[in-house]
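**Student:** The sequence and its predicted three-dimensional model are supplied below.
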Amino acid sequence: MKIEIKNLTVKTKDEKEILKNFSLTISEGEVHAIMGPNGTGKSTLAKVLLGDSAYEVISGDILVDGTSILDKTTDERARMGIFLAFQSPISIEGVSNTEFLKTAMNVRREEKIGLYPFLQTMNQALKDLNMDEAMMHRSLNQDFSGGERKKNEILQLKLLEPSFIILDELDSGLDVDSLRVCATNIANYLKDHPKTSVLVITHYPRILSYLPLNYVHRMNEGAIVETGDMELAKKIEKEGYLRDNVLREDVNHE
């Protein structure tokens with residue numbers, strides 16, 4: 001899936017402008033990462049790509065394989081194959097993991113999946129992620145640890161088979177082992193689905209080392225200000241984002 005974000009300007013309902021003439025193209029099969037200080041619009045971008053009604057697109061466009069999706073609702077975008085792994089996955093009491101996953105899979109399929117094939121697919125995915133099968137009978141993310149919730153997001157990814165994956169700080173709150181398991185499962189998914197595109201939002205390069213990374217973008221004040229590769233991610237980890245503040249101060253003094 002090819003994603004083209006063209007000159008996108010976005011504001012919140014209280015008129016605060018978050019994204020400012022933002023542009024980015026992610027070609028089919030590419031993995032891009034966005035890094036930047038808190039409050040610069042990274043998570044806003046993820047939510048806007050899924051059509052979050054809390055934000056208003058003032059100008060610009062979002063194209064999927066050449067067609068604008070601005071008029072598409074969140075569920076329509078999800079059916080197209082756009083998947084967001086949340087930074088803080090919510091829990092839904094009374095809806096079991098099994099019910100949720102089977103229903104979501106059937107929405108994406110032309111023919112409904114039978115119970116036995118579904119259980120086979122789900123159980124294999126659980127083994128891949130080192131997840132307890134008993135978790136499937138509990139309410140969605142109810143009483144799950146932070147790591148379990150993140151693994152549950154990757155479980156959904158594996159079963160729903162999206163064409164464009166957005167990972168919003170998947171690595172936050174994960175220990176080293178859980179991060180390795182999640183990232184390795186994503187990398188294996190991409191090997192089996194080479195046309196799938198990925199946008200990774202992160203502060204740290206560790207997760208990027210597991211993925212077939214193409215580009216790293218540094219974001220500041222609602223726009224991309226620098227593009228590079230893994231070396232840029234390592235530089236950001238070493239030097240931080242303070243350089244952005246220094247540059248702003250220099251401009252203000254002129």
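**Tutor:** Arrived safely. From a predicted model like this one, the values you see are computed outputs, not experimental measurements.

**Student:** How about residue 45, nearest residue that isn't a chain neighbour?
**Tutor:** Residue nearest to residue 45 in three dimensions, not counting chain neighbours: residue 19, with 6.3 Å by C-beta to C-beta, 6 or more residues apart in numbering. Placement of C-beta: from N, CA and C, glycine included.

**Student:** Show the contacting residues for that neighbour.
**Tutor:** Counting by C-beta atoms under 8 Å, 6 or more residues apart in numbering, residue 19 touches 8, 9, 10, 41, 44, 45, 48, 222, 223.

**Student:** now the residues you listed as TSV including neighbour count, secondary structure and pLDDT?
**Tutor:** Output for the contacts of residue 19, formatted as TSV (neighbours: other C-beta atoms under 10 Å; DSSP: H, G, I helix; E, B strand; the rest coil; pLDDT from 0 to 100):
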residue	neighbour count	secondary structure	pLDDT
8	23	strand	97
9	17	strand	97
10	23	strand	96
41	21	coil	94
44	20	helix	95
45	25	helix	96
48	23	helix	97
222	22	coil	94
223	18	strand	95
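
**Student:** Can you give me the neighbour number for the residue lying closest to residue 228 once chain neighbours are set aside?
**Tutor:** Leaving aside its chain neighbours, residue 228 sits nearest to residue 216 (5.4 Å; criterion: C-beta to C-beta, 6+ apart). When neighbours are counted by other C-beta atoms under 10 Å, residue 216 registers 25.

**Student:** Could you double-check that residue 216 sits in contact with residue 230?
**Tutor:** Yes. Using C-beta atoms under 8 Å, residue 216 is in contact with residue 230, at 6.6 Å.

**Student:** Residues that sit against both of the two, list them.
**Tutor:** In contact with both residue 216 and residue 230: residue 208, using C-beta under 8 Å, 6+ apart.

**Student:** Distance to residue 75 for the contacts of residue 19 - can I get that in JSON lines?
**Tutor:** As requested, these are arranged in JSON lines below (distance: C-beta to C-beta, whole Å):
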{"residue": "8", "distance to residue 75": "21"}
{"residue": "9", "distance to residue 75": "25"}
{"residue": "10", "distance to residue 75": "20"}
{"residue": "41", "distance to residue 75": "24"}
{"residue": "44", "distance to residue 75": "20"}
{"residue": "45", "distance to residue 75": "20"}
{"residue": "48", "distance to residue 75": "16"}
{"residue": "222", "distance to residue 75": "27"}
{"residue": "223", "distance to residue 75": "29"}
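
**Student:** And the helix or strand the residue nearest to residue 45 falls within, how far out from the chain middle?
**Tutor:** In the assignment (DSSP states H and E), residue 19 maps to strand 17-26. Its chain's C-alpha centre and that of strand 17-26 lie 16 Å apart, by C-alpha atoms, centre = their mean, to the nearest Å.
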